[in-house]
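> Got a predicted structure here, sequence first:
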Amino acid sequence: MLLHLYAVTLQLSWKSRCWSQLRPRGEFPASPGGRADIYGTIGDGWMEKALQVQQILAARELTLNRVSERSAGIFGSSAAFYVPHNLYHRLARPSFQPTIHQILALSYISSYRLCDWLAVFGFDLDVISRVQLLIPRRRTTVLDSAVYDTFRWVPWFAERARNEPRLSIAPLGHFVLWDAPRRAGDLLPAVPDKFVYTRIGEEDVYARPQFVPGGIIRADRTRAEEFRQQETGVPESHFFLVEHRAGWTCSRLVRLARDRVLLHCPQHPCVERELRLERDARVLGVIDAEIRPVGHRRAEAWPGCSNPVSGEFGQYRSAPTSLRNLLVGARARAGMSFREASSLSRLIATTLSDPLYFAAPGSLSDYETLDAPPRHIQKILTICILYGIGFYEFLRTCGLPIDRAGRDPIPDHLMPRKPPHRNSGLPRAQTQSGQEPNGFLSSLLAEWQEVPLFLRFSLDAIAGMKSPTLSDVFWVAGDAGSDPLLKTGALVAVNRRAKRPGTFDPAAACAPPLYLLLKRDGEYACGRCSLDRDVLRMHAPAGSVPEARRLRNGIDAEIVGKVTAILRRLF
């Protein structure tokens, strides 16, 4: 009896040591876009991961041996796509992770989507759009606006029944309630790829002062040919997104001839460039909307602020046909050296809490001499984030047959997709009210035509606030007599923790920051404010009368917070 008890004790001790060694390295933090809060975890060790893979295969009436045999029959037992028959055993090693080839083979054989299989092994593709906004950019960059997991739950809203008249400025909760969440795919536009989203770089002199570094702009592809309708030699009033060899730029255009345009920059005529269409550059679309950060990034371009010169232009190149050409061109457009890209990859590794996302300068150089993807999937994601490359574009350029990947989503009970966490303070709709034909929500969607779902995890980076909620968002489209930035605005993000404006120096080059005020009569006001002792000054736009309005702080008006981002239409 004692020997039996001793044997059981040794066995339990051995199992405890094994389980302690099976913990995965580099868990994502429990933050939007991370692993823990989106898909949850089946368990704390890779043993549970092996059990999850077994259950997913069983749902297709497959076993690991069967998958291994089929991968050997399709690709060959020595190919990179071969799925080993001892995959479950290998998953017990913390240092092991399947390659992108093996995951693609699992997707093809099981008919389950590639992005779902990547999520099973801890790789959330939608994290690309979240982290790419944390990377400082010298040059204007096109953002990866793809929504990879279209079956993910997204919080949604219902119209709030209103009997009172609509206010000129009001919190978003005045118009909407929380409704049942929806799948991301149900909210995607009927016409895909109509808009392209771009982030303004520090060196894009053509975008100043209309746009500011760090701002996100939207270009309408369907209006790319509008510049051809203008008169020759007359500057176009709209801004266009132009792609050239050195990257992208946002500029007004002057049509010189049928196939020649001039990048117009009245502030710096010396940097104006003449380009030949389809050889030196191509026009991607008309800029029609902007998400503008204010007050928490680099100071806004204001009269007297210096502007850097733009990068060098050259002959426009067509789409790359090999991985090495893709990486060389993408890094050149990003304006990064190997050392700079490596330094930024450390930021990615810190953000995602996994050292494998770091890429050394030598590794980045080696990738540009090969036509095979890196061994670790983390390195692929890092390259996509740094250079602004779409994940599927990267795989397709590598020659991987992603068109043969599965199309079906893994069921929720096999890969838990947690419902969205609501912490905005908005009430929940008691009934399924949906959207009224002429209601606030339906009118807003009809005007904007598309919901940029890829930005849903990036409100903190855009607004410069920690853990922002929808209670920090205000509708300002009815404020017709406010600051010029707000005249075409629709929504603003307000940092309710910043309630102390500084004093205003008339000799300063930059204007006072924007603040949201709650007046004594219950209405809101938004404008550029300064505080002199207990007197609030609302500075009117240049040329307006009166120049400033004086309010007693805490008596005539109360400061709600500082405006940190503006969503606005340009026309």
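Nice, I can see it. Numbers count the residues shown, from 1 in each chain.

> Go ahead and confirm Arg113 touches Met415.
No - taking C-beta atoms under 8 Å as the definition, Arg113 is not a contact partner of Met415, at 10.3 Å. To be clear about C-beta, it is placed using only N, CA and C from the backbone, and glycine gets the same treatment.

> Could you check the pLDDT of the spatially most central residue of the chain?
With distances taken as C-alpha atoms, centre = their mean, Ser129 lies nearest the centre of the chain, 3.3 Å away. Note for Ser129: predicted pLDDT of 90.

> Tell me the spacing between it and Asn553.
For Ser129, the distance to Asn553 equals 40 Å [C-beta to C-beta, to the nearest Å].

> Ok, Lys49 next?
57 Å.

> Quick one: low-confidence residue ranges for the stretch 101-250 of the chain.
Within the stretch 101-250 of the chain, the stretches with pLDDT under 70 are 163-166, 233-234.

> Now do the helices in it.
Applying DSSP state H, counting those that start in this stretch to the stretch 101-250 of the chain gives helices spanning 114-120, 127-131.

> before we move on, back to that, need the contact list for the residue nearest to the centre of the chain.
Listed by C-beta atoms under 8 Å, 6 or more residues apart in numbering, the contact set of Ser129 reads 143-146, 454-455, 457-458.

> now it: how far from Ile216?
11 Å.

> can you check Glu272 too?
25 Å.

> got it, and Ser145?
10 Å.

> Tell me which of the two has more neighbours.
Using other C-beta atoms under 10 Å as the criterion, Ser145 and Ile216 rank with Ile216 on top: 23 against 19.

> I'd say the more buried one and Ile291 touch.
Yes - contact between Ile216 and Ile291 holds when scored by C-beta under 8 Å: they sit 4.2 Å apart.

> Now for these two: what residues contact both?
455, 462.

> ok, so of the contacts of Ser129, who is nearest Ser363?
Of all these, Ser363 sits closest to Asp144, with 21.7 Å by C-beta to C-beta.

> Identify the residues contacting that closest one.
Contacts of Asp144 (C-beta under 8 Å, 6+ apart): 128-129, 132, 384, 388-391, 454.

> got the phi/psi numbers for it?
Torsion angles at Asp144 (phi, psi; degrees, to the nearest 10) stand at phi -80, psi 100.

> and it, how far is that from Val494?
28 Å.

> same question, Asp124
29 Å.

> Once you drop chain neighbours, what's closest to Ala332?
Nearest residue to Ala332, sequence neighbours excluded (C-beta to C-beta, 6 or more residues apart in numbering): Ala246, at 7.3 Å.

> Pretty sure the one you found sits against Thr140.
No - checked against C-beta under 8 Å, the pair Ala246 and Thr140 is beyond contact range at 10.0 Å.

> Who has more neighbours out of the two?
Higher neighbour count among Ala246 and Thr140: Thr140, with 31 against 19, using other C-beta under 10 Å.

> For the more buried one, which residues are in contact?
198-201, 204, 207, 247-250.

> my guess is Glu203 meets Gly335, correct?
Yes - between Glu203 and Gly335 there is a contact under C-beta under 8 Å: 7.3 Å.

> Give the residue from the two that has the larger number of neighbours.
A direct count of neighbours by other C-beta under 10 Å for Glu203 and Gly335 places Glu203 higher, at 21 against 18.

> ok, now how distant is the more buried one from Leu347?
Distance, Glu203 to Leu347, using C-beta to C-beta: 20 Å.

> And for Glu447?
From Glu447 to Leu347 the distance is 36 Å (C-beta to C-beta).

> Which of those two has more residues huddled nearby?
Per other C-beta under 10 Å, whichever of Glu447 and Leu347 has more neighbours is Leu347, with 17 against 11.

> Which strand or helix spans the more buried one?
According to DSSP states H and E, Leu347 maps onto helix 338-352.

> tell me which strands and helices that helix is in contact with?
helix 127-131, helix 361-367, helix 377-387 (3 or more C-beta pairs under 8 Å, 6 or more residues apart in numbering; DSSP states H and E).

> Give the rounded mean pLDDT of the second one.
It refers to helix 361-367. Here the average pLDDT along helix 361-367 is 94.

> Leaving out chain neighbours, which residue sits closest to Pro266?
Closest to Pro266 by C-beta to C-beta, 6+ apart is Pro235, at 7.8 Å.

> Can you report how many residues neighbour the one you found?
14.

> Tell me how far it lies from His264.
When Pro235 is compared with His264 (using C-beta to C-beta), they lie 5 Å apart.

> Mind pulling up the pLDDT for the closest residue in space to Met465 that isn't next to it in sequence?
Counting by C-beta to C-beta, 6+ apart, Asn495 is the residue found nearest to Met465 once chain neighbours are left out, at 5.1 Å. We have a pLDDT of 91 for Asn495.

> list the contacts for Asn495?
Asn495 neighbours (C-beta under 8 Å, 6+ apart): 296, 463-465, 472, 561-564.

> any idea which helix or strand comes after the helix-or-strand element of the chain with minimal mean pLDDT?
Across the helices and strands of the chain, mean pLDDT, DSSP states H and E gives its lowest value to helix 2-21, namely a mean of 36. Beyond helix 2-21 on the C-terminal side, the first helix or strand identified by DSSP H and E is helix 46-58.

> Phi and psi next, for Leu445.
Residue torsions, per degrees, to the nearest 10, at Leu445 are phi -70, psi -40.

> Could you give the number of residues near it?
Quick note: Leu445 (other C-beta under 10 Å) scores 15 neighbours.

> shouldn't it be in contact with Val451?
Yes - between Leu445 and Val451 a contact is recorded at 7.1 Å, counting by C-beta under 8 Å.

> Relative to Ser168, how far out is Leu514?
16 Å.

> Looking at the two, which is more packed in?
Each of Leu514 and Ser168 has its neighbours counted (other C-beta under 10 Å); Leu514 has more, 22 against 17.

> What residue, apart from its backbone neighbours, is nearest the more buried one spatially?
Closest to Leu514 by C-beta to C-beta, 6+ apart is Val563, at 3.8 Å.

> And the average pLDDT for the helix or strand that contains that neighbour is what?
Assessed by DSSP H and E, Val563 sits inside strand 557-569. On average, the pLDDT along strand 557-569 is 90.

> and it, how far from the chain's centre?
22 Å (C-alpha atoms, centre = their mean, to the nearest Å).

> got the CA coordinates for that strand in PDB?
C-alpha atoms of strand 557-569 as PDB (Å, rounded to 0.1, in the frame of the first residue of the first chain):
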ATOM      1  CA  ALA A 557     -19.400  77.100 -18.500                       C
ATOM      2  CA  GLU A 558     -17.700  73.900 -17.400                       C
ATOM      3  CA  ILE A 559     -14.800  72.200 -19.300                       C
ATOM      4  CA  VAL A 560     -15.800  68.700 -20.500                       C
ATOM      5  CA  GLY A 561     -12.400  67.900 -22.000                       C
ATOM      6  CA  LYS A 562      -9.900  68.400 -24.700                       C
ATOM      7  CA  VAL A 563     -10.600  67.500 -28.300                       C
ATOM      8  CA  THR A 564      -8.000  65.000 -29.500                       C
ATOM      9  CA  ALA A 565      -9.300  63.700 -32.800                       C
ATOM     10  CA  ILE A 566     -11.800  64.900 -35.500                       C
ATOM     11  CA  LEU A 567     -13.600  62.800 -38.100                       C
ATOM     12  CA  ARG A 568     -14.600  65.100 -40.900                       C
ATOM     13  CA  ARG A 569     -15.700  65.200 -44.600                       C
END
